[in-house]
Structure formats: C-alpha cells, structure tokens
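**Q** no letters, just coordinates:
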C-alpha cells in the first residue's frame, strides 16, 4: 500500500508523483518555516514540472480544509475519548494540534493535490 509506485507513497513522502525519485521540496524538513512550501521547479530525474499552471496549488487550500478536519478529529479522539479530557481541554488540544501541524497539513495538502492530477509512471526513464 505504501510501496513505491503508489499514490500514497508519493503523498506521504513528498516525492515526485511521476518518478518518485526525489523530494518535491527544497528542504525535506517541513518545520524549516521559511522553506516549508518552497518547491523545486521540476524534478531533476524525470523533468516533471510541478507547477502545472500559474497558481496551481491554490486548489490545495480546499484539500487542506479536509486534512485539517482529519487532524482535528484525531486530536478529539485522542484527548476526549482516550484521555477523557474535559470539553475545554479537548478544545485546547484541537487548537494546539492544528497550530503545531500547520506545516505538515500544508505539505500533505499540496502532495494530495498534485497526486490528483499526476500518476506514477514506471516507464519514465524510457520517455527521456
């Protein structure tokens, strides 16, 4: 399921959706705040251009809403159902989780968005 060649591999590793050989991001650490969303222009292996059109990644904002909801639900389940926290503590846990995970949510959203439009090509070397 998370093997190279699957969309999930590309989404969770942030690698090129076409060849999955290199990271799309200049800095692999999402918490390097000044470089969180700085991407390479294209893949150095298969030459796939990441920004298909101007403002391509604005669509990732819609995806980030869903990803943020998933993180919030996870924080609710962990704090409320597992640790039996009060409603105020649950609220604080959700807010803290979302703030702490902004870089991860942003990158995951971009990864999901680009993988909607591109797929892995096992024969990418032949097309060069």
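**A** Cool, the structure landed. Worth saying up front: this structure is predicted, and the values here are computed from it rather than measured. Residues are numbered from 1 along each chain as shown.

**Q** residues touching the spatially closest residue to residue 59 that is not a sequence neighbour, list them.
**A** Leaving aside its sequence neighbours, residue 59 sits nearest to residue 113 (CB to CB, 6 or more residues apart in numbering; 5.3 Å). Just so you know, the C-beta spots here come from the backbone N, C-alpha and C atoms, and that holds for glycine as well. Each residue near residue 113 by CB atoms under 8 Å, 6 or more residues apart in numbering is listed here: 56-57, 59-60, 63.

**Q** can I have the buried ones of those as a ChimeraX selection?
**A** Entered in ChimeraX, the line below selects the buried ones among the contacts of residue 113, by 16 or more other CB atoms under 10 Å:
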select :57,59,60,63
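
**Q** just curious, which of the contacts of residue 113 is nearest to residue 94?
**A** The nearest member of the contacts of residue 113 to residue 94, counting by CB to CB, is residue 63 at 19.3 Å.

**Q** helix, strand or coil: sort out the closest one for me.
**A** For residue 63, the secondary structure call by DSSP: H, G, I helix; E, B strand; the rest coil comes out as helix.

**Q** same thing with residue 19?
**A** Here residue 19 is recorded as coil under three-state DSSP.

**Q** can you tell me the average pLDDT over stretch 110-118?
**A** Averaging pLDDT along stretch 110-118 gives 96.

**Q** should've said stretch 46-59
**A** In this model, stretch 46-59 has a mean pLDDT of 93.

**Q** where do the helices sit along this structure?
**A** Ranges of helices in the chain, per DSSP state H, are 7-13, 60-76, 87-100, 102-117.

**Q** need those in TSV (columns: distance to residue 126).
**A** What follows is those, written out as TSV (distance: least, CB to CB, whole Å):
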stretch	distance to residue 126
helix 7-13	20
helix 60-76	30
helix 87-100	43
helix 102-117	22
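
**Q** among those, which is nearest residue 40?
**A** That would be helix 102-117 among the helices of the chain, by CB to CB, at 12.3 Å.

**Q** and the angle for the closest one with helix 87-100?
**A** Put simply, helix 102-117 runs at 60 degrees to helix 87-100, going by axes from the mean of the first three to the mean of the last three CA atoms, to 10 degrees.

**Q** mind listing what's buried along helix 102-117?
**A** By neighbour count on 16+ other CB under 10 Å, the buried set for helix 102-117 is 102-103, 105-115.
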